[in-house]
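**Q** Build me a structure from this.
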Amino acid sequence: MEPKFLRDKRFWAATFLITWAAALQAHMTWLQRQISFHEKFGGVKEKGSEVKKKADDLSEDNQGEFNDNQPILEYQGNDAERLE
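**A** Okay, the predicted model is just below:
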């Protein structure tokens, strides 16, 4: 036997309204966090364009050829100083 309030349309309307309001509030909070992050760190497009520009500059320097002798990272200093 089910409770009477489950048959009441007002109960389901109120439940829907409360759920919708909570979801809207969560969405607005999420948007505010996205805006704050964008203001603090900048956009992804800005960073992506810098990376693409650097990649384009590197490809122009190498002209699409792979140079096996070119070091990926250069060590500044000598090994004897590092080991002491």
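**Q** shaky segments in this structure?
**A** Applying pLDDT under 70 to the chain flags residues 43-84.
**Q** what's the longest helix in it?
**A** Assignment by DSSP state H gives helix 9-41 as the longest helix of the chain.
**Q** Quick check: buried residues in that helix?
**A** Neighbour-count burial for helix 9-41 flags no residue at all (criterion: 16 or more other Cβ atoms under 10 Å). The C-beta positions use only the backbone N, C-alpha and C, and glycine is treated the same way.
**Q** helices or strands next to that helix in the packing?
**A** If contacts are counted by 3 or more Cβ pairs under 8 Å, 6 or more residues apart in numbering; DSSP states H and E, helix 9-41 sits against no helix or strand.
**Q** Recalculate using a threshold of 10 Å.
**A** Contacts defined by 3 or more Cβ pairs under 10 Å, 6 or more residues apart in numbering; DSSP states H and E place helix 9-41 against helix 44-62.
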